[in-house]
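Participant: Any chance you can model this:
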Amino acid sequence: MSLTSDLMAVAETYCSKTGRSPSRIATIIFNDGKKFDLIAGGADLGTRPFERAMAWFAANWPAGVAWPVGIERPLTRPSATLSPEGRGEEEVSP
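Facilitator: Reported below is the predicted structural model:
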């Protein structure tokens with residue numbers, strides 16, 4: 001798998017288990033509700049946004065839900081715990 005497909009698998013699992021839409025999660029993480037659609041369509045994603053997204057998912061992963069098999073789960077940092085409702089005051093640092 002590529003890093004992009006890893007991110008999409010994590011996002012799809014998160015959304016299916018929480019009931020949140022991909023556009024809402026993309027808005028929280030990237031401040032762009034279309035980002036997952038763009039990535040699915042072949043758009044590129046830089047290293048920092050990728051790391052920020054994976055850190056956000058790791059920090060906000062629903063309890064009792066298994067992380068997707070074969071995808072490395074990053075260690076969470078306090079700065080990665082943005083509110084699932086919005087970007088909040090904190091930014092995930094690279």
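
Participant: make it CA atoms for all contacts and neighbour counts henceforth
Facilitator: Fine.

Participant: Excluding residues flanking it in the chain, which one is nearest S21?
Facilitator: C15 (5.9 Å; CA to CA, 6 or more residues apart in numbering).

Participant: helices or strands up against the one helix or strand that neighbour maps to?
Facilitator: According to DSSP states H and E, C15 maps onto helix 3-18. Using 3 or more CA pairs under 8 Å, 6 or more residues apart in numbering; DSSP states H and E, the elements in contact with helix 3-18 are helix 22-30, helix 35-40, helix 47-60.

Participant: Low-confidence bits of this protein, can you list those?
Facilitator: For the chain, the stretches with pLDDT under 70 are 77-94.

Participant: at 80 what do you get?
Facilitator: 1, 76-94 (pLDDT under 80).

Participant: Tell me which residue is most central in it.
Facilitator: For the chain, the residue nearest the mean C-alpha position is A53 (3.7 Å; CA atoms, centre = their mean).

Participant: and the gap between that residue and L7?
Facilitator: Per CA to CA, to the nearest Å, A53 is found 8 Å from L7.

Participant: quick one on the thing from earlier: list the contacts for the residue nearest to S21?
Facilitator: By CA atoms under 8 Å, 6 or more residues apart in numbering, the contact set of C15 is 21-22, 25.

Participant: Can you add distance to G64 and neighbour count and give those back as TSV?
Facilitator: What follows is these, written out as TSV (distance: CA to CA, whole Å; neighbours: other CA atoms under 10 Å):
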residue	distance to G64	neighbour count
S21	20	15
P22	20	20
I25	19	26
